[in-house]
Structure formats: C-alpha cells, structure tokens
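could you work out the structure for the sequence below:
(2 chains)
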Amino acid sequence: MSEAATVFEAEDLARYFDVSRPALQRLLAREPRRILRAVDGISFSIPKGTTLSLVGESGCGKSTVARMAVGLYPPTRGKALFEGMDLEQARATADQRRRMQMIFQDPYASLNPRWRVLDIVAEPIRAFGLVSGAAARRERVAQLLTQVGLSPLDGSKYPHEFSGGQRQRISIARALSSNPDFLVCDEPTSALDVSVQAQILNLMKGLQRDLGLTYLFISHNLAVVRQISDRIGVMYLGRIVELAPAETVFVSPRHPYTRALMDAIPDLEMIGRRRIPVGGEVPSPINPPSGCHFHPRCPLANDRCRREDPILKPARGTPGTVVACHAVEEGRDTGPTAVPPLERVGSSPAASA
Amino acid sequence: MTAAPPLLEVRNLRVEFPSRRGTLVALHDVSFSIAPGEILGVVGESGAGKSMTGAAIIRLLEPPGRIAGGQILLEGRRIDNLSQDEMRRIRGRRIGAIFQDPLTTLNPLYTVGRQLTETMQTHLDLSGSEARARAIGWLEMVGIPAAAQRIDSYPHEFSGGMRQRVVIALALCAEPRLVVADEPTTALDVSIQAQVIALLKRLAREKNTSMMLVTHDMGVIAETADRVAVMYAGRVVEIGPVREVVKHPHHPYSIGLMNSIPPLDHRVERLAQIDGAMPRLNAVPPGCPYNPRCPKVFDRCIVERPDLLDAGSTRAACWLYDPAEPPHV
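Numbers count the residues shown, from 1 in each chain, chains lettered A, B, ... in the order given. Next comes the predicted model:
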C-alpha cells in the first residue's frame, strides 16, 4: 500500500468565497469585503486503492474540498493534482475526466426524476463514448446495475420508484459507468437509515477491493469513517488539524479537537451515562479566531495558541500522525497513551455482553 | 410495567390515511405507556411510524391522516377524542413538543422573549413582568449566555444549537408533564448534540417530566432513554429497558438493526446488514411484516401476525417467543 502511486494530492489547497454585500450597499455602510475562508490551505495525498476520509462538523470545509477534488470549484490558492498533473490540465481531456467521479449526499436530488434509470446510468457511457451501440450500452448498464445489487430490469424504472438506499446504488452505478479510478464521495450514507447505510458501506468496500478504486470520503460520522478509511484527516474551520492512519486516530487521538469530537459521539456503550460535553460552538468561518482556530474551546489553550497559527507537524510519541497543535508540540497535553477515549468501553458493565 | 400509574398510555392506536386507492394503515395496534419522569425512546427506520406516533399523541397528524382506533390516555383521561380546541389547551400546558428543525418551530418575526412570555401567559396565570422574569430564568436554565440581553433577540440572531435550546425552553416553559421530542438533535453537529442531550436529560430529571424521544440515532437513545420501543412498518416490534433492547435484543429486526450500526470502538471487515428494505404501507406482507427479510422466518410467520410476547427481559412481537412454539434454531 505504501509503495502505491499517488492518485490525488492537495498542496496548500484553499478556497475563499466572497460573501460581501453588493458594492453600493457596502460603500454606503462603509463595510469592508467579507471573505469566507471555507478551506484555508490544506495538504494531503491519497495513494492508489486506498481511502482518505475527511471528517468534521458542518462548516469545516470538507464538502468544499470534495468539490475542488473533482474540479467543480477552482481553488483560490494551492494546487489539486491528479496523478501528479494539475487538475485543470487533467480535466482538459475527456479521457482523464472520465477517471474521476463523484457520489453526492442526497440521492433524491442527484438523480433526474424525469429520466429512466437506464438513461441515468448510461449518460456517462454516452458522454465519453465508451461503448458504441444502444444494445451494447444496455448490456453494460445491466452489468453495472447487477454490480451494485440491483436488477437489470430496474433500468426501465424511474428514480421515484426506489427507496433512498436503492437510489444511492443507482448513483454509484452511474459513477462507475465511466470506469473511474478515483471516486469522491460526499456524505454518501448520511441521508440513509442505519441498516441501509451498512448495505452501502459494504458495497463500497467490495467495489474498492474488486476494482482497485481510490476514495476521497467525506463524512461527519466517525463510526462510519472508521469502517471505511485507511487514513483520516480531521478538519476544523477550513484546516486539517490532525492527519493519521485510521486506527491511530481512534486509538491515540492527539489534537484536543479530535479528542473532544470522539468524546461527544453518543455511543451504545454509554447507556445511562453522563458525559461532559465540549463547551461552545464552531465559530463563524468568516471571522475565525486568531492563532489556532480551536483555542476558544480548547482546554489547553495559552497565549501562543491565541497568537500563532499552528502547522501540521509529526506528533511526538504517535508515529504516523501529524497534528497542528502547539500543546502537543510542546508536550503540554496528556501525551499519546494517557486516557484513550475508548477505555470506557472496557470498563462499562454493559461491555460484558 | 412499573408500579406507578402511567402518565401516558397508548392503547391499540391505529392511524389511517384514506386515499383514492383505498385506506393506508400507517399505525397498527401501537400500545405503550410512559411512567412519570420516564424517558421512552422510540426508534426505527424512516417510515416506520415513529414520528407519526408522536404526531398522533399531540394531535398534529398531517391530513388526511386520522386516528381510526385505540385510545390515548394522559394521566388516566382520554385525550384522543377531545376537540381541537380542548386539545390546544393541552398542547403546551400539559404536553410540550420539540421538533427537529428549530427554525420552523420559532416565529421569525417575534423576539424569543415574546414567544416565551406569550406561551407562559397563555397557559399560566402570570403578569407581564413575572413572565419576563421567568423567561430569562428559562433561557439561563437552558444555557444561553447573557440571557437578560439575549431575550430581546430574534431567532435568526442565534446559532443552530442556541436556537434548539430556545425551542427546548419554549416546550418546557409551561411546565408540561410530557414532552414529545421528535429528532431533537438530528439537525445539530455532534458536539452541540451532546450538549443538547445532556440538557434535555437534566431538565427531565429535575422537573420530573416524562419524555417520548423519537430518533433514528441509536447512540442518542442509549444515552438518554430509560426504555426503548423499536418500530417497524407501523408496529411496535419490541419494547423493553434500554440496556436490554440495545445489548440483548430479542426481535430479529432489533438484532439486525443493532448489528448494522457501525461500531465506533473497532473496525469490522464487513458490517452486518439487513438485506432488502422496509415494505411500503401499501405493500405490507401478511403475517409478520418483517417476514420477507427475517433470517429466522418459519411457516407460521407468513400467515399469522404475532403480538408482543414475553421474551424474557423485553417484549417482542415474534413467534419465536411463543411458549407454544417448539424451539426453533
């Protein structure tokens, strides 16, 4: 896995949105421009055949990264590289474009209600001219529908005839129809019920194994992310605060925000327990706090955290993890082994089940 | 189930939606009770009828839905046959409601203070200044900083988490005996969700308020509820103490549901999944509604519908727990 070629790479990737009021109103009110820094300089790479997940709360910029990764937004700063080639350049030819696809969150909004499933799934095949002839196309669609667990006969139906989980299968079939190598999945299971979510996650894992796909997976659900990722990046207000192999994030989270996030998840092991929730809320990305964006909510914050932006550095004591935290760098935190947040599982009487 | 007389009792509730192609039955024979101060969690997939049960209790069913059978008793008195006018007096005063989306619950044109004082003055005998003082007290209690200043703010001036706190204050300010909370934390981020759950739990305990907590999030239920009802295709298929239902479920559907939750504490190669999907209301199979997906299905399940049976620590609507059945493996 470590020898594999890099499929996707982000280098200091940033995307700002201008959310100022119209020029005249701004002039009259003597207001400055308001710039929303949705993504503010993040870097990561995804080796072939692996999954990198970005997790974080709403407004942290994870979906903006997903959109930049397939070229739906141009970056304001930095570079997105597809197999070492600048994304814009890579997307200039249809043959490269067909190699990256996206799966969206809402399977109700992402399928055209007036098209039959056959036409929805066949559209990329037609657009990229992958198969010639209607009969061959039909056959390819039937094969794709079978691959995602639907019946070839479903091709003649309309999206409204399917449940949420089945629709997400159609979205996946459509994404696979151009034989992509790289799939960007933006919260693909958040709109689904938990039993259906398990079906879709199993399907995605199976497809990755069979077809050697590379995933950029966006989610707010840490339990889902644990099941599907090789590496995880935790985002907070437009920046990656911790990037590590998936298991390491869970066994030995280092950034105070990562720890807080894990502690906040309601969990079956927590029956009837009291917890101490993280205080405060995510601040506005239009006017983020100075220095480390997390400092107003952080129990370890000091003057340096308020002044100086932390950058991602290898975390002492946790090989493979990079973390953007002055406290971790200075050794002011509790260290890598103290209080593993999932200790409570073992100590809970319910765990004897 | 408990010694104390129940605060809310739902008996054989049936909700129908008449349509041109015949009547759809959305809830069948739903029965449960909630003791004073108890939190009952109601879980299930979308379309299982959990929100519909809450809506029937507070009588805010979307037309043409209607209660077609059964009884709903609040403190021993039937409320399912009251007129809308009488019901309006009960809603707010004796039953509070919290919905998923705080923006649609709050009136954007009124300050939160006005909404709180108006609610209290409608239901309680309070002067304007008393109501305002209490409103500030409620905002403090739900954790809104600088409540005395924030009381004159409009809903849009609050963040999502703060708005949901205002909604909670609004549901509780007339001191109802029962709160029906429908997905109260679903629209919130996890760190805010944890704060709101802790708040709901604390207030329910302090005020001895009973709660019906409807959610699809099993983690929220596990942390908050005392007992849990699992719903499937418009029926309660299992009900029991939270620890038992979550850790030792008996109904094959509850077992499948619990197993399909991705574990947070370890990684599995393949998640357990329930194949297929919940039937639509117009295509519920005869016999046990879960029979097409059930791994333990046998002949009787196809033809005869089970009621809730004693399954040891919980009650489950499954023929496996009929003492008259020979043991099935």
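
so who does the residue nearest to A:Phe82 when sequence neighbours are not counted touch?
Once flanking residues are discounted, A:Phe82 sits nearest to A:Ala90: 4.1 Å by Cβ to Cβ, 6 or more residues apart in numbering or on different chains. For glycine as for every other residue, the C-beta is placed from the backbone atoms N, C-alpha and C. A:Ala90 sits next to A:82-83, A:96-97 when contact means Cβ atoms under 8 Å, 6 or more residues apart in numbering or on different chains.

may I see the ChimeraX selection of the buried members of the residues you listed?
Restricted to buried positions by 16 or more other Cβ atoms under 10 Å in any protein chain shown, the ChimeraX selection for the contacts of A:Ala90 reads:
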select /A:82,96,97
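
among the contacts of A:Ala90, which lie within strands?
Among those, DSSP state E puts A:Phe82 in strands.

count the residues that sit near the closest residue to A:Gly212 other than its chain neighbours.
Setting aside the residues directly before and after it, A:Gly212 is nearest to A:Gly49 in space (Cβ to Cβ, 6+ apart), at 5.0 Å. Look at A:Gly49: counted by other Cβ atoms under 10 Å in any protein chain shown, it has 18 neighbours.

give me the distance between whichever residue of the stretch 1-150 of chain A sits closest to chain B and A:Ile218.
Per Cβ to the nearest Cβ, A:Glu57 is where the stretch 1-150 of chain A lies closest to chain B, at 3.9 Å. Separation of A:Glu57 from A:Ile218 (Cβ to Cβ, to the nearest Å): 12 Å.

can you check B:Val196 too?
Distance, B:Val196 to A:Ile218, by Cβ to Cβ: 24 Å.

please identify the helix or strand for whatever residue of the stretch 151-300 of chain B ends up closest to chain A.
Here the stretch 151-300 of chain B gets closest to chain A at one residue, B:Gly219, 3.2 Å apart by Cβ to the nearest Cβ. Element membership for B:Gly219, per DSSP states H and E: helix B:218-224.

likewise for A:Ala38?
Using DSSP H and E, A:Ala38 falls in strand A:35-47.

low-confidence regions, chain B specifically.
For chain B, applying pLDDT under 70 flags the ranges B:1-4, B:328-329.

the helices in it, which residues?
B:50-57, B:84-93, B:102-105, B:112-123, B:128-141, B:147-150, B:160-172, B:190-207, B:218-224, B:242-247, B:252-259, B:299-303 (DSSP state H).

and for the nearest residue to A:Thr189 once chain neighbours are set aside, the neighbour number?
Nearest residue to A:Thr189, sequence neighbours excluded (Cβ to Cβ, 6+ apart): A:Gln197, at 4.2 Å. Neighbourhood size, A:Gln197 [other Cβ under 10 Å]: 26.

what is the helix or strand hosting A:Gln197 packed up against?
Using DSSP H and E, A:Gln197 sits within helix A:194-211. On a contact count with 3 or more Cβ pairs under 8 Å, 6 or more residues apart in numbering or on different chains; DSSP states H and E, helix A:194-211 meets helix A:164-176, helix A:222-228, helix B:252-259.

and the strand holding A:Ala38, which residues are buried?
Within strand A:35-47, the residues scored as buried using 16+ other Cβ under 10 Å are A:36-44, A:46-47.

okay, A:Gly280 and chain B: tell me how far apart.
Distance, A:Gly280 to chain B, by Cβ to the nearest Cβ, to the nearest Å: 8 Å.

number of residues surrounding the residue nearest to that residue when sequence neighbours are not counted?
Closest residue to A:Gly280 apart from its sequence neighbours, by Cβ to Cβ, 6+ apart: A:Arg297 at 4.2 Å. Summarising burial for A:Arg297: neighbours were counted as other Cβ under 10 Å, giving 19.

and if you look at A:Pro314?
Residues near A:Pro314, counting by other Cβ under 10 Å: 13.

what residues are up against the nearest residue to it once chain neighbours are set aside?
With Cβ to Cβ, 6+ apart as the criterion, A:Pro314 has its nearest non-adjacent residue at 5.6 Å, and that residue is A:Val322. Residues counted as contacts of A:Val322 (Cβ under 8 Å, 6+ apart) are A:242-244, A:312-315.

hey, what's A:Val322 bridged with?
Going by DSSP bridges, A:Val322 is paired in beta bridges with A:Leu243, A:Pro314.
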